[in-house]
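> I would like the atomic coordinates for the input below:
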Amino acid sequence: MTKKQKKMLIRIIIAVALLAVIAAVLHFVELPWWVELILYAIPYVIAGYDVLKTAFINLIHGQVFDEKFLMMVATVGAFGTGEYPEASFVMLFYQVGELFQSIAVGRSRKSIAKLMDIRPDSACVLRGGEEIEVSPDEVEIGETIVVKPGEKIPLDGVIIEGTSTVNQAALTGESAPVDKTYSDNVISGTLNLTGVIKVRTTSTFGQSTVSKILELVENASDKKAKVENFITKFARYYTPAVVIAALILGIVPPLFLGIGSWEVWKEWLTRACVFLVVSCPCALVVSVPLSFFGGLGGASKDGILIKGAGYMEVLSKIDTVVFDKTGTLTKGVFEVDDVHPNIVSVAELKDIAACCESFSSHPVAQSIVRAHEGHIDKSLIGDVSEIAGKGVKAVVDGKTYYCGNGQLMEMCGAKWHDCHLTGTIIHVAREDNGVVDYLGHIIINDQIKPDSEAAVKGLKNVGVRKLIMLTGDKHSVAESVANKLGLTGFFAELLPADKVAKVEELLSSEKGRLAFVGDGINDAPVLMRADCGIAMGAMGSDAAIESADVVLMDDKPSKIADAIRIARKTMKIVWENIIFALGVKAVILILGALGIANMWLAVFGDVGVLIIAILNAMRCMRKING
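I've put the predicted structure just below:
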């Protein structure tokens, strides 16, 4: 507990001890009423002097109708009607509820506070051959920083020297460390575990991943859900309404039932005090925001950043998920899937294709070079010319080779054939003494993420009806990916503007809420247009992350189903608390007005309901397992 909470606990313990002593003394000794009043006032003031102080200060500033005002009026009224024990115990139990609330809020903040611990304190930068320790925001893009074992990586960058193991749990929720070596990207806020690494920075601190995450978390609480805004407005009108109702209940009936009878007045004033105690809206005002805050914290533990309670409310109603393909469902990296030789061996076909493509920076060409995995003797390579939109013509070891698509094969006169497999097909032909021989082809595909199949299965399990993929890729490739993953539909060969139009069309035709998942700069407009935009955070573009409502820090699309579960669980708990609190209070209010409920039941209607609602809200903080 905090120092303030410990002081509150000590005051509560002292008040409890005094009340126990007073009750024991009065059980054996009968004292004058004014002595009893003084005795019970002592623990009352010890337990609740801050409530009385705050209520008076609020009165001076014109802030009349809040729960502290209700507590002050109700307990002072109880003293006025001779209900001394009830007055003291009401204040005591109210403070117990406040302490419980404070501890619960503190616990719900812990997951967010852990996330805040990712902020690095300093950076060790190499300048003039010397290591200088500076603030992270003083490091420029392109500078070299040194990160030692046990230190947080202060800025985003690329390793230029050294190898290490990095713990990314604070950002992704994954506990398994990741090995990093030369040319690998590292993310600010992650923890370097084993080796010394030198990193060339690729962002300033203000634009780094850690800085953006902290900004998202800090702003999340400002974006309230509709139900949260409703509760705030409800409390604003509800509190003065019940105060007026309590005044009417305490004054009007005695005027008609017995003006001169103190017993009648006492009875109805007691009912009014019961009415005030039970009507306190703190169970709603506290538990609803606490539920959302706990849900946001629980999601962050899992590497899911939801930018506010309002987005959580929308996320809970998602029944259509639209995916971008490249970088979201697929790795965005081309790899050789298969090699189909015709009149040469597999190794020879790969060798020829790698020589032809070795000077190209195109991703398809680079995938062929990577698949070769051997030494390419560039001294054997002569003239290389690129044929726009078709491929390359290269002289290798004195022979002319054509490496490209079907149009290139037609141009050189090769007797080629298409492949039965789906993907980008690179054909290879050799020209020797005017004769062109078709040597075979290589099939290249953007690789599906291992996690994508689990993502689709998980979303179906949580009841998402439609799973649709949008891509600029050709129809056959899109169809292959959609069939492998079991998607319900896809649209191919789309430009960025076409993606927006397609999402607009889906939004107008579907009754439920739609989420779009993407990672690229061209996805930003669609992320903003969808009911809920979900971005890949680790490798996603800055524009996509800033435009999205939800950010997945480890680029695993399977976390979308987890996010929906968290949102639905949170909303379920929110409505449980609302219905439970209003229901119990309504019953006790009626019983209090009829004179059936006493002050002790009113205490349960306020503090008891508050504690139960807080306990229920704290369930939101638990990590959800799919």
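
> can we go C-alpha only for contacts and neighbour counts from here?
Fine.

> Please report the distance of the spatially closest residue to Ser188 that is not a sequence neighbour from Ala535.
Spatially, and ignoring its direct neighbours in sequence, Ser188 is nearest to Leu155 (4.4 Å; CA to CA, 6 or more residues apart in numbering). Counting by CA to CA, to the nearest Å, the gap from Leu155 to Ala535 is 21 Å.

> likewise Ser261?
On the measure of CA to CA, Ser261 and Ala535 end up 71 Å apart.

> the more surrounded of the two?
Neighbour count, other CA atoms under 10 Å: between Ser261 and Ala535, Ala535 has more, with 33 against 11.

> quick one: that one and Pro557 touch, right?
No - Ala535 sits out of contact with Pro557 when judged by CA atoms under 8 Å, with a separation of 9.5 Å.

> now the strands for the stretch 151-300 of the chain?
With DSSP state E, counting those that start in this stretch as the criterion, the stretch 151-300 of the chain has strands at 157-161, 164-167, 178-180, 185-186, 191-192, 197-201.

> In CSV: those, plus mean neighbour count, mean pLDDT and distance to Phe334.
Converted to CSV, those look like this (neighbours: other CA atoms under 10 Å; pLDDT from 0 to 100; distance: least, CA to CA, whole Å):
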stretch, mean neighbour count, mean pLDDT, distance to Phe334
strand 157-161, 20, 92, 21
strand 164-167, 21, 86, 26
strand 178-180, 15, 84, 21
strand 185-186, 22, 88, 19
strand 191-192, 24, 87, 30
strand 197-201, 24, 94, 26
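
> Output the ones you listed as JSON lines; include the columns distance to Pro85.
Formatted as JSON lines, the strands of the stretch 151-300 of the chain follow (distance: least, CA to CA, whole Å):
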{"stretch": "strand 157-161", "distance to Pro85": "66"}
{"stretch": "strand 164-167", "distance to Pro85": "57"}
{"stretch": "strand 178-180", "distance to Pro85": "62"}
{"stretch": "strand 185-186", "distance to Pro85": "63"}
{"stretch": "strand 191-192", "distance to Pro85": "56"}
{"stretch": "strand 197-201", "distance to Pro85": "67"}
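
> and Lys585, which of the ones you listed is closest to it?
The closest of the strands of the stretch 151-300 of the chain to Lys585 is strand 164-167. By CA to CA, the value is 48.8 Å.

> where does the closest one sit relative to the chain's centre, distance-wise?
Chain-centre distance of strand 164-167: 24 Å, with CA atoms, centre = their mean, to the nearest Å.

> Please name every helix or strand in contact with that strand.
strand 178-180, strand 191-192 (3 or more CA pairs under 8 Å, 6 or more residues apart in numbering; DSSP states H and E).

> Now do the SS call for the residue nearest the centre of the chain.
In the chain, the centroid-proximal residue (CA atoms, centre = their mean) is Leu305; its distance is 2.4 Å. Recorded secondary structure, Leu305: strand (DSSP: H, G, I helix; E, B strand; the rest coil).

> close enough to count as contact, it and Glu546?
No - at 11.8 Å, Leu305 does not count as touching Glu546 under the criterion of CA under 8 Å.

> about what we covered before: host element of the closest residue to the residue nearest to the centre of the chain other than its chain neighbours?
Closest residue in space to Leu305, ignoring its immediate chain neighbours: Val551 at 5.1 Å, by CA to CA, 6+ apart. Secondary structure from DSSP states H and E places Val551 in strand 550-552.

> Moving C-terminal from that strand, which element do we reach first?
Using DSSP H and E, the helix or strand that follows strand 550-552 in sequence is helix 559-593.

> Return the set of buried residues in that next one.
559-571, 573-574, 577-578, 580-582, 585, 588-589, 591-593 (16 or more other CA atoms under 10 Å).

> Kindly report the same for stretch 351-365.
Within stretch 351-365, the residues that qualify as buried are Asp351, Ile352, Ala353, Ala354, Cys355, Cys356, Glu357, Ser358, Val364, Ala365, counting by 16+ other CA under 10 Å.

> now, which of those lie within helices?
Using DSSP state H, the members of the buried residues of stretch 351-365 that fall within helices are Asp351, Ile352, Ala353, Ala354, Cys355, Cys356, Glu357, Val364, Ala365.

> and the last one, what does it touch?
What it means is Ala365. Ala354, Glu357, Ser358 (CA atoms under 8 Å, 6 or more residues apart in numbering).

> Report the separation between it and Ala74.
Ala365 is 80 Å from Ala74, by CA to CA.

> what's the first-to-last distance across stretch 143-159?
12 Å.

> How about it, which residues are buried there?
For stretch 143-159, a neighbour-count test (16+ other CA under 10 Å) marks 143-149, 151-159 as buried.

> For Thr201, state which of those is nearest.
Gly157 (4.1 Å).

> right, and that closest one touches Ile187 too?
Yes - contact criterion CA under 8 Å: Gly157 and Ile187 qualify, at 6.8 Å.

> Kindly list the main-chain dihedrals of the residue lying farthest from the centre of the chain?
Relative to the centre of the chain, the most outlying C-alpha is that of Asn433, 64.9 Å out, by CA atoms, centre = their mean. Its backbone dihedrals place Asn433 at phi 60, psi 40, with angles given as degrees, to the nearest 10.

> can you start the count at 742 instead of 1 from here on
In the new numbering, first residue 742, that becomes Asn1174.

> what helix or strand does the closest residue to Val1074 other than its chain neighbours sit in?
Once flanking residues are discounted, Val1074 sits nearest to Asp1187: 5.4 Å by CA to CA, 6+ apart. Using DSSP H and E, the element containing Asp1187 is strand 1176-1189.

> Next, the buried residues of that strand.
Quick answer for strand 1176-1189 (16+ other CA under 10 Å): 1177-1189.

> ok, Phe1321 to Ala1354 distance?
Phe1321 is 8 Å from Ala1354, by CA to CA.

> Save the contacts of Ala1106 as JSON lines, and put in distance to Lys1156 and pLDDT too.
Shown next, in JSON lines, are the contacts of Ala1106 (distance: CA to CA, whole Å; pLDDT from 0 to 100):
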{"residue": "Ala1095", "distance to Lys1156": "22", "pLDDT": "92"}
{"residue": "Glu1098", "distance to Lys1156": "22", "pLDDT": "89"}
{"residue": "Ser1099", "distance to Lys1156": "25", "pLDDT": "88"}
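
> And what about Leu1235, helix, strand or coil?
Classified using three-state DSSP, Leu1235 is coil.

> Just the C-alpha atoms of stretch 1102-1120, please, in PDB.
Extracted C-alpha coordinates of stretch 1102-1120, given in PDB (Å, rounded to 0.1, in the frame of the first residue of the first chain):
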ATOM      1  CA  SER A1102      17.600  -5.200 -55.800                       C
ATOM      2  CA  HIS A1103      14.000  -6.300 -56.600                       C
ATOM      3  CA  PRO A1104      12.500  -8.500 -53.800                       C
ATOM      4  CA  VAL A1105      11.800 -11.300 -56.200                       C
ATOM      5  CA  ALA A1106      15.400 -11.300 -57.500                       C
ATOM      6  CA  GLN A1107      16.800 -11.200 -53.900                       C
ATOM      7  CA  SER A1108      14.600 -14.200 -52.900                       C
ATOM      8  CA  ILE A1109      16.300 -16.200 -55.800                       C
ATOM      9  CA  VAL A1110      19.700 -15.200 -54.700                       C
ATOM     10  CA  ARG A1111      18.900 -16.200 -51.000                       C
ATOM     11  CA  ALA A1112      17.600 -19.500 -52.100                       C
ATOM     12  CA  HIS A1113      20.800 -20.200 -54.000                       C
ATOM     13  CA  GLU A1114      22.700 -20.300 -50.700                       C
ATOM     14  CA  GLY A1115      26.100 -20.700 -52.400                       C
ATOM     15  CA  HIS A1116      28.800 -18.500 -53.800                       C
ATOM     16  CA  ILE A1117      28.000 -16.700 -57.000                       C
ATOM     17  CA  ASP A1118      31.000 -16.200 -59.200                       C
ATOM     18  CA  LYS A1119      30.300 -12.800 -60.700                       C
ATOM     19  CA  SER A1120      33.400 -13.000 -62.900                       C
END
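
> Can you verify Ser1221 is assigned to a helix?
Yes - the assignment for Ser1221 by three-state DSSP puts it in a helix.
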